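Novice: Only the shape, not the letters, is given here:
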């Protein structure tokens, strides 16, 4: 519910919450990915069973293969990377996404301000 209110993915909430509770960053990311996978799989199955979605396998197939390859490479690299560096990279990516979000909405906000 929180992630739908703030418009962010569950990993955005789960990873910091787990790390604040003492879980290592690598375990927090793995746990978040498991939750995301379970949620997405359940939603897809529900929509597909209800006939509400058609799957474009010509797009999904190659994309899924690329994601799987990236996941394998990322998990292999994660064992070689210091967890403090992972924290800094995650924090940096959150700040970049925040800046991009603000920048994309700033013209709309400024257009409503009377000068």
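Specialist: Here it is on my side, so go on. Remember, predicted model here, so these are calculated numbers, not experimental data.

Novice: can you pull the pLDDT of residue 6?
Specialist: With respect to pLDDT, residue 6 scores 58.

Novice: for the one 4 residues further on, same thing?
Specialist: Predicted confidence (pLDDT) for residue 10: 66.

Novice: what do you get for residue 115?
Specialist: 58.

Novice: again, but for residue 15
Specialist: For residue 15, the model assigns a pLDDT of 85.

Novice: buried residues in the helix or strand harbouring residue 96?
Specialist: Residue 96 belongs to helix 83-111 when assigned by DSSP states H and E. Residues 86, 90 are the ones in helix 83-111 that count as buried (16 or more other C-beta atoms under 10 Å). (Each C-beta comes from the backbone N, C-alpha and C, glycine too.)

Novice: now it: mean pLDDT?
Specialist: 86.

Novice: now for it, which elements pack on it?
Specialist: Packing contacts for helix 83-111, counted by 3 or more C-beta pairs under 8 Å, 6 or more residues apart in numbering; DSSP states H and E, involve helix 10-20, helix 25-49.

Novice: Using a markdown table, please lay out those helices together with distance to residue 97 and mean neighbour count.
Specialist: A markdown table is the format used below for the helices and strands packed on helix 83-111 (distance: least, C-beta to C-beta, whole Å; neighbours: other C-beta atoms under 10 Å):
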| stretch | distance to residue 97 | mean neighbour count |
| --- | --- | --- |
| helix 10-20 | 9 | 17 |
| helix 25-49 | 16 | 14 |
